[in-house]
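Asker: Have a look; sequence and predicted model below, questions after that.
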Amino acid sequence: MKSLLEYQNILWVIVVGVVLIIFGFYLYTELSLYEQSGSSISMPKMFRLFYEMFGKYVTVLFVEAVGVIALISGIWQLVDKVKNKKA
C-alpha cells in the first residue's frame, strides 16, 4: 500500500492527461454537431470566448495538447521515480 501512495500524485497526472485527451475527442464531436446544426450550446464564458476567438480546431488542439503534456509528464515522472528507486 505504501508503494501505491508514493506514486499517487504521478498516477493522477497520468489520469488527468488521459481524461483530457478523451474530453478533446468528445469536445470535437460536440462542436462539430453544434456548428452543423446552428443551434445554441451551453459553455462557460471563458471557454466560449476562446472558441469564438480561435475556432473549433484551436480549442480542441489546446485541450488535447494539455492532455498530452500531462500524460507525457506523468509517464516521465513515473519512469524517473522507478529508475531512482531501483538504483
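Answerer: Looks like it came in fine.
Asker: Any idea how far stretch 15-28 is from the middle of the chain?
Answerer: 5 Å (Cα atoms, centre = their mean, to the nearest Å).
Asker: Over to stretch 29-46?
Answerer: 19 Å.
Asker: Tell me which residues of it come out buried.
Answerer: By neighbour count on 16 or more other Cβ atoms under 10 Å, the buried set for stretch 29-46 is 31, 43. Where C-beta positions appear, they are placed from N, C-alpha and C, glycine not excepted.
Asker: Likewise for stretch 17-33?
Answerer: In stretch 17-33, counting by 16+ other Cβ under 10 Å, buried: 17, 20-21, 23-24, 27-28, 31.
Asker: and of these, the nearest to residue 47?
Answerer: Closest approach between those and residue 47, by Cβ to Cβ: residue 27, at 9.5 Å.
Asker: from memory that closest one sits against residue 61, does it?
Answerer: No. At 10.5 Å, residue 27 and residue 61 do not qualify as touching, with contact defined as Cβ atoms under 8 Å.
Asker: just to revisit the earlier point, can you list which of the buried residues of stretch 17-33 are found in helices?
Answerer: 17, 20-21, 23-24, 27-28, 31 (DSSP state H).
Asker: ok, so of those residues, who is nearest residue 84?
Answerer: Comparing these against residue 84 with Cβ to Cβ places residue 17 closest, at 21.5 Å.
Asker: mind listing what that closest one touches?
Answerer: 67-74 (Cβ atoms under 8 Å, 6 or more residues apart in numbering).
Asker: just the buried members of those residues?
Answerer: The buried subset of those - by 16+ other Cβ under 10 Å - is 67, 70-71, 74.
Asker: which secondary structure element contains residue 42?
Answerer: Using DSSP states H and E, residue 42 is not contained in any helix or strand.
Asker: Let me see the backbone angles for it.
Answerer: phi -90, psi 120 (degrees, to the nearest 10).
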